[in-house]
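Asks: could you work out the structure for the sequence below:
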Amino acid sequence: MLRGTGRKSSAYIPNNKVRLVRGGRDYFTTLAELIKQAKFSIHLQVYIYEDDETGRSVGNALMDAAKRGVHVYLLTDGYASKALSAAFIKELRTAGVQFRFFEPLLKSENFYFGRRMHHKVLVADGRIGLVGGINISNRYNDLEDQPAWLDWALLVEGPAAVALYRLCIDVWAKPGQMALKRSLRHEFPAPPNTGNSPVRIRRNDWVKRKNQISRSYIDMLKKATSNVIIMSGYFLPGTIIRHHLSRAAKRGIDIRIIVAEKSDVKLAKHAERYMYRWMLKRNIRLYEYTRSVLHGKMATRDSKWVTIGSYNVNDISAYASVELNIDVNDPEFAAHVQQKLEAVLENDCVLVTEDEFNKKYNIFQRFIQYCAYWLVRIIFYLFTFYFKQR
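Replies: Modelled structure (predicted):
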């Protein structure tokens, strides 16, 4: 029988098997295999779902699963996935896929300005989960004429999948629908203790007073004894994270930040570059990823600890969006992840130095960065303000 862990959110769940999954072909092959193997239920929750070749492929796999009797639940964000066609949604529902939007715009009972469901998770049979930063769209897949945006996910098998399963039910069912939540908790065989990795599930949801992922990043910087690597596609840390970055750097911690050279959000990239001088003055090593668009969200400490998920190091993730990360407290796995990140640093990144930065950007361009920074800060403030419509 499938049961909850009954553990506090700060506790690690032992005896899990974990695997790092790179975005693109590896991710979508893994996703398809999990859907194909599912026997009882599938929960897929994602920020962006597009009706393109990749979205169609995943949709066909979900429909096939529903037709063979698997309970399939697909939840997408009501803003980021609003372009999904009515015909595609009808096709999913006709095949037996349970589909709904999270907080559809102008149709929700509660209106929280800026609160979007940003996490990306699939759970199959309450036994195995896939958590990361990867949306369902061609941009995140390897196609013939374009490489995928760089991103990562974590495959977790074992007792922690139970907690992921319950989380998906809680997000799927609206507040107050306790009977629905109970009805969704199917009876599965208990997941075996498949590995040695302690795992904890971390969430950010300001409306529900959850700020666990931000706390994980702060603890990482406070506990680091040697080095920290942070990869973030939209890196614009708020006051608290900047404070802890500065303190860690003063202690002599080797901090390396991997950011995007090319970004799909130009304004945010200009604002981010305004922060470069702040980091360089504190001896924080800064690298731009050049191979494609960087969308990954991952960090590691001292080759001992890793966090992976949907959380960007900025105030939108800290105070507005519903985010989901997995922390892994396993030195063997962390060392493997650090090797992957160091390979990206060596092969696909350029080191940003203060001299090169000053040569590359003139006074006018720096003024644009300054204006972008403060405009983005104002936007962040507006999007992290919420109210309940009564």
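Asks: pLDDT below threshold where in the stretch 1-150 of the chain?
Replies: The stretch 1-150 of the chain contains residues with pLDDT under 70 at 1-9, 104-114.
Asks: could you rerun that using 90?
Replies: Applying pLDDT under 90 to the stretch 1-150 of the chain flags the ranges 1-11, 78-79, 102-117, 144-147.
Asks: quick one: the helices in it, in order.
Replies: In the stretch 1-150 of the chain, the segments counted as helices under DSSP state H, counting those that start in this stretch are 25-37, 53-67, 86-94.
Asks: could these go into a markdown table alongside mean neighbour count?
Replies: Using the backbone N, CA and C atoms, a C-beta is placed for each residue, glycine as well. Listed next are the helices of the stretch 1-150 of the chain as a markdown table, based on neighbours: other Cβ atoms under 10 Å:
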| stretch | mean neighbour count |
| --- | --- |
| helix 25-37 | 17 |
| helix 53-67 | 18 |
| helix 86-94 | 14 |
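Asks: quick one: mean pLDDT for stretch 344-353?
Replies: For stretch 344-353, mean pLDDT rounds to 96.
Asks: next one: stretch 318-332
Replies: For stretch 318-332, the per-residue pLDDT averages 93.
Asks: buried set for that stretch?
Replies: A318, Y319, A320, S321, V322, E323, L324, N325, I326, D327, V328, D330 (16 or more other Cβ atoms under 10 Å).
Asks: widest-spaced pair of those?
Replies: Spatially, the most separated pair among those is A320 and D330, at 30.7 Å (Cβ to Cβ).
Asks: between the helices of the stretch 1-150 of the chain, which one is nearest to K281?
Replies: Using Cβ to Cβ, the helices of the stretch 1-150 of the chain put helix 25-37 closest to K281, at 36.9 Å.
Asks: just the CA coordinates for the closest one, please, in CSV.
Replies: The C-alpha trace of helix 25-37 is given here as CSV (Å, rounded to 0.1, in the frame of the first residue of the first chain):
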residue,chain,number,x,y,z
ARG,A,25,16.9,14.0,-26.4
ASP,A,26,17.9,12.3,-23.1
TYR,A,27,15.0,14.0,-21.2
PHE,A,28,12.2,13.3,-23.7
THR,A,29,13.4,9.7,-24.2
THR,A,30,13.2,9.2,-20.5
LEU,A,31,9.8,10.9,-20.2
ALA,A,32,8.4,8.7,-23.0
GLU,A,33,9.7,5.6,-21.4
LEU,A,34,8.1,6.5,-18.0
ILE,A,35,4.8,7.1,-19.7
LYS,A,36,5.0,3.9,-21.6
GLN,A,37,5.8,1.8,-18.6
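Asks: how far off helix 53-67 does that helix point, in degrees?
Replies: Helix 25-37 runs at 20 degrees relative to helix 53-67, counting by axes from the mean of the first three to the mean of the last three Cα atoms, to 10 degrees.
Asks: which strand or helix spans V306?
Replies: strand 305-309 (DSSP states H and E).
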